[in-house]
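*Asks:* Got a predicted model here, sequence first, then my questions.
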Amino acid sequence: MKPEVIKEMTTSELKERLVEEKKQYVKLQMSHAISPLDNPGVLSQTKKTIARIHTELRKRELEIK
């Protein structure tokens, strides 16, 4: 997910998306542990998306204060 898309989302949408991304990441990790994924780069992409969402949420939290 691109940073531009993340910035356009509302805070509640970001929180929902964060939960979904974390669930997906755990599923991908489990799948990769059992049998290797065709594209293991998906793991790092998902992790980066989670970090981007966390960063945007933190940025918004600091702007409010």
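*Replies:* On my side now, so go ahead.

*Asks:* Going along the chain, name the helices of this structure.
*Replies:* 3-8, 11-34, 41-64 (DSSP state H).

*Asks:* Turn those into a markdown table, including mean pLDDT and mean neighbour count.
*Replies:* The way it works is simple: take the backbone N, C-alpha and C, and place the C-beta from them, glycine included. Shown next, in a markdown table, are those (pLDDT from 0 to 100; neighbours: other C-beta atoms under 10 Å):
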| stretch | mean pLDDT | mean neighbour count |
| --- | --- | --- |
| helix 3-8 | 93 | 11 |
| helix 11-34 | 97 | 13 |
| helix 41-64 | 96 | 13 |
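
*Asks:* what sits against the most centrally placed residue in the chain?
*Replies:* Against the mean C-alpha coordinate of the chain, by C-alpha atoms, centre = their mean, the closest residue is residue 50 at 2.4 Å. Each residue near residue 50 by C-beta atoms under 8 Å, 6 or more residues apart in numbering is listed here: 18, 21-22, 25.

*Asks:* Quick check: the two most widely separated of those?
*Replies:* Across the contacts of residue 50, the longest distance by C-beta to C-beta is 10.5 Å; it joins 18 and 25.

*Asks:* any idea how far residue 13 is from residue 31?
*Replies:* Applying C-beta to C-beta, to the nearest Å, one obtains 26 Å for the distance of residue 13 from residue 31.

*Asks:* my bad, residue 12
*Replies:* Taking C-beta to C-beta, one finds residue 12 at 29 Å from residue 31.

*Asks:* which non-adjacent residue is nearest residue 29?
*Replies:* Nearest non-adjacent residue to residue 29, counting by C-beta to C-beta, 6 or more residues apart in numbering: residue 43, 6.9 Å away.

*Asks:* List the contacts of that neighbour.
*Replies:* Residue 43 touches 25, 28-29, 32, 37, counting by C-beta under 8 Å, 6+ apart.

*Asks:* Looking at these, which is nearest residue 62?
*Replies:* residue 25 (25.2 Å).
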